[in-house]
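>>> Below: sequence and its predicted model.
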Amino acid sequence: MSGPRRAAKLPVRFFERPADMVARELVGLVIVSAAGGRRALGRIVETEAYLGYDDPASHGYRHRRHAQNEALYGPPGSWYVYRSYGVHWCANLVCHAAGGGSAVLLRAVEPLSGFDIMRQRRGGIEDRYLCAGPGRLCQALGITRAGLDGRLMAQSPVTVLRPDGWDGAVDVTPRIGITKATDWPLRFAAAGSPWVSRWSVSSPRGATRVRSRG
DNA sequence: GCGCCGATTGGCT
DNA sequence: GCCAATCGGCGCC
């Protein structure tokens, strides 16, 4: 039940870049939640980039703005948490330029510690499904709008750290569950990870594999 | 004003 | 594989 040996905080400038670049580099990093006074920790294994006003699948498409997505236009490195299908919470990190409406959706996490609280929050489901999906990981980590939405990551109960010692390959595929821009290669997943939300994603050209860094 | 739909999930007609 | 849950935004009349 131990986390990474050493981990560094992410500077705000990490998020001051295009969402696809941020999304790719978030894979392999560690998310730490202290929400609800309980600690839970995991490795991010799947993300998706939403590019903002130019991206038909983005909540920020054509600068669309309303009460529920204000945080999407906040500063890079802040949380945008929205309700999906009126039921689930989904967590994004705002990136690129402030006001651009672009963000990275966290889609799956490999649980590392805090299994007790995660299992409790997820109703005793199999461990494989604890954080395998954007709504599931939010439930497991205790993420809701409260305390996160619109707040800088560093000033919230949930933060992302860069650990030493992870240099896995990352698969690039089309995004999941959307109806617009369905062929854009903006989903990033840790290659071979059993913790992602889906094992295979249909794509005309299939997944492209890249190195996460280096 | 009304009906439809979604960056999802879980249960089962 | 199909569908309900659940709700705010948006398209359309």
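Received it, and whenever you're ready, just let me know what you need. Computed from a predicted structure; not experimentally measured. Numbering: from 1, shown residues only, chains lettered A, B, ... in the order given.
>>> can you pull out the strands in chain A?
A:7-9, A:30-33, A:40-50, A:79-84, A:88-94, A:103-113, A:158-163, A:169-173, A:187-190, A:208-211 (DSSP state E).
>>> Show me the contact partners of the second one.
Judged by Cβ atoms under 8 Å, 6 or more residues apart in numbering, the contacts made with strand A:30-33 from elsewhere in the structure are A:3-4, A:7, A:39-44, A:106, A:109, A:112, A:114, A:141-143, A:157-163. Yep, even glycine has a C-beta here, placed from its N, CA and C like the rest.
>>> If we use 10 Å, what do you get?
By Cβ atoms under 10 Å, 6 or more residues apart in numbering, the residues outside strand A:30-33 that reach it are A:3-4, A:7, A:39-44, A:91, A:106, A:109-110, A:112-114, A:117-118, A:131, A:137-138, A:140-143, A:148, A:153, A:156-163, A:166.
>>> Now find how far off-centre stretch A:165-176 is within its chain.
Its chain's average C-alpha position is 12 Å from that of stretch A:165-176, according to Cα atoms, centre = their mean, to the nearest Å.
>>> actually stretch A:9-21, sorry about that
Offset of stretch A:9-21 from its chain centre (Cα atoms, centre = their mean): 13 Å.
>>> That stretch: which residues count as buried?
Within stretch A:9-21, the residues scored as buried using 16 or more other Cβ atoms under 10 Å are A:Leu10, A:Phe14, A:Phe15, A:Ala19, A:Asp20.
>>> ends of that stretch, how far apart?
18 Å (Cα to Cα, to the nearest Å).
>>> ditto for stretch A:126-138
End-to-end distance of stretch A:126-138: 16 Å, with Cα to Cα as the criterion.
>>> for stretch A:80-93, same thing?
Start-to-end span of stretch A:80-93 (Cα to Cα) is 6 Å.
>>> picking that back up, looking at the buried residues of stretch A:9-21, which is nearest A:His59?
Distance to A:His59, by Cβ to Cβ, is smallest for A:Ala19 among these, at 12.2 Å.
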